[in-house]
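Engineer: Okay, sequence plus prediction incoming.
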Amino acid sequence: SVCPRDEVSGAIYNSIDTLTRIIECVRPKKSVFGGDNTRKTPEDNRTAESWVRTAVCIIPMVEYLINIQARFDFQAVFEGGGSQKTTLSDSDAKALLDSGLFRELLSLYTCTQNGSDASNVVRLQLLRTIFALSVQAPEILGRYVIRVPDLVKEVHSSNFMDSHLVDGILWTALGSSLLESKTEAPKPRLKLRSNAKLTLPPVDTSTLAERCSAGFEQLCKSCNSALISYKEIVDRDNQSEDDENEARKYKETLGSIVKFSNYLSNCPHGIKIWLDSSNNNDAAPQKAKTAITDLRSTLARLPSYADDKTGVTGSDHKKDDDNENLSTDVHSEIRQKATSLRQRRKDFRQVVSLVRSSVKVIALALESQKGAGLSLKAPMLSYNASSKTD
């Protein structure tokens, strides 16, 4: 019998030509390789966001093929995230490239700048899906994507790193890993719509490696600071709305290290690409180890709250009638505060547990220094920055 997943995957592959044409129809008419030949018509204005609806439908199909939900913190769609049997093969990657689907996904991203907030969210999800495809088949799709100037200019910029720290680390790692080779590997020909000769911008691979290293250091430092500040807010007696907002911000920051760890665990080539980039800069490996060691030290100093029995014992003495209502109100308020504190500590334990597991995965990757063929067997980490008490 045929596995249902294989049937669905086969149906998607059989439809890639159709999907390619659909994307081509809805994307703005601007060359993926730059230029000012954007054409706008009244019809374009009426359907300006049609590409968003199309992308929302097609992204999950791509995720099904590659078994990675890059838009959701690099979680695996199915079990066995790091297994080659559940991810994209080289022949499948070549099919996506030859069909034009991968090119159209790139075109859709580079031609949809300066949209609404909603469209920018989908655009970022599309970029992460493009990256997941690229890292699944780095020698085929990865080498293709790093030769698209408009995309490379954006994802390798310092502004992009500042706005999307983990994404910036991953894109610079991919670029550094693929561009370091001194032997010329076969490269796919870019399928231009004109006969114009493409002049590639010069890329300094050591600079990419330095940016990747600096980004990882910043990731560890920001998580270090977030852990300390988050713990202080958890134990604060009188919680205000500002405190809740601050706690939410710190949890989102800590979610970044979980996302990076999921990438290493669930992407077969993820560790090798990151370590290749690290090895392109002499100081990077030691800096990374120092940064992750500092983070582990901070985690070790945090309270576990494992036996948290915060609460209020009831009063056994008989209350006077005049004071009964007042006493009840006071005890009720104290109980509410104690309950809130227990919930905050419970949330803290859960977040710290995820961060601790993520740091362990990253530390193992750094200690290996092998990369090729290495797959870390770790549970998929699902992170939600929201909380019942937020």
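Structural biologist: Perfect, I can see it now.
Engineer: who touches whichever strand or helix holds Glu63?
Structural biologist: Using DSSP states H and E, Glu63 maps to helix 50-66. Residues from elsewhere that reach helix 50-66, judged by C-beta atoms under 8 Å, 6 or more residues apart in numbering: 8-9, 12-13, 19, 22-23, 26-28, 69-71, 77, 87-88, 92, 105, 108, 112, 115, 118-119, 122-123, 125-126, 129, 132-133, 136. Backbone N, C-alpha and C define where each C-beta goes, glycine included.
Engineer: can you give me the strands for the chain?
Structural biologist: 68-69, 75-76 (DSSP state E).
Engineer: Could you give the average pLDDT over the first one?
Structural biologist: So that's strand 68-69. Throughout strand 68-69, pLDDT has a mean value of 91.
Engineer: now swap in stretch 25-38 and tell me
Structural biologist: pLDDT averaged over stretch 25-38 gives 61.
Engineer: pLDDT below threshold where in this structure?
Structural biologist: Applying pLDDT under 70 to the chain picks out residues 1-3, 30-48, 80-86, 180-206, 306-338, 370-390.
Engineer: Excluding chain neighbours, what is closest to the residue sitting nearest the centre point of it?
Structural biologist: Centroid check for the chain by C-alpha atoms, centre = their mean gives Asp73 as the closest residue, at 4.3 Å. With C-beta to C-beta, 6 or more residues apart in numbering as the criterion, Asp73 has its nearest non-adjacent residue at 4.3 Å, and that residue is Lys259.
Engineer: One more: Ala247?
Structural biologist: Ile233 (5.0 Å).
Engineer: mind listing what Gln69 touches?
Structural biologist: Going by C-beta under 8 Å, 6+ apart, the list of residues near Gln69 reads Glu63, Gln75, Ala76, Val77.
Engineer: let's go with 10 Å and repeat that
Structural biologist: Gln69 makes contact with 59-60, 63, 75-77, 81, 125, 128-129, 132, 262, 266, according to C-beta atoms under 10 Å, 6 or more residues apart in numbering.
Engineer: And Lys287, by the same measure?
Structural biologist: Ser213, Ala214, Phe216, Glu217, Cys220, Ser278, Asn281.
Engineer: which of those residues sit farthest apart?
Structural biologist: The most widely separated members of these, counting by C-beta to C-beta, are Cys220 and Asn281 (16.2 Å).
Engineer: Neighbour count: those two, which is higher?
Structural biologist: Between Cys220 and Asn281, counted using other C-beta atoms under 10 Å, Cys220 has the larger neighbour count: 25 against 21.
Engineer: From Ser353, how far off is the more buried one?
Structural biologist: Distance of Cys220 to Ser353, computed by C-beta to C-beta, to the nearest Å: 18 Å.
Engineer: before we move on, the earlier item: give me the buried entries from the contacts of helix 50-66.
Structural biologist: The neighbour count (16 or more other C-beta atoms under 10 Å) marks 9, 13, 19, 22-23, 26-28, 69-71, 77, 87-88, 92, 105, 108, 112, 115, 119, 122-123, 125-126, 129, 132-133, 136 as buried among those.
Engineer: list the contacts for Asn120?
Structural biologist: Val52, Thr112, Gln113, Asn114.
Engineer: I'd like the distance from the first one to Asp92, if you could.
Structural biologist: Looking back up the chat, that one is Val52. Going from Val52 to Asp92 by C-beta to C-beta gives 26 Å.
Engineer: ditto for Ser213
Structural biologist: 32 Å.
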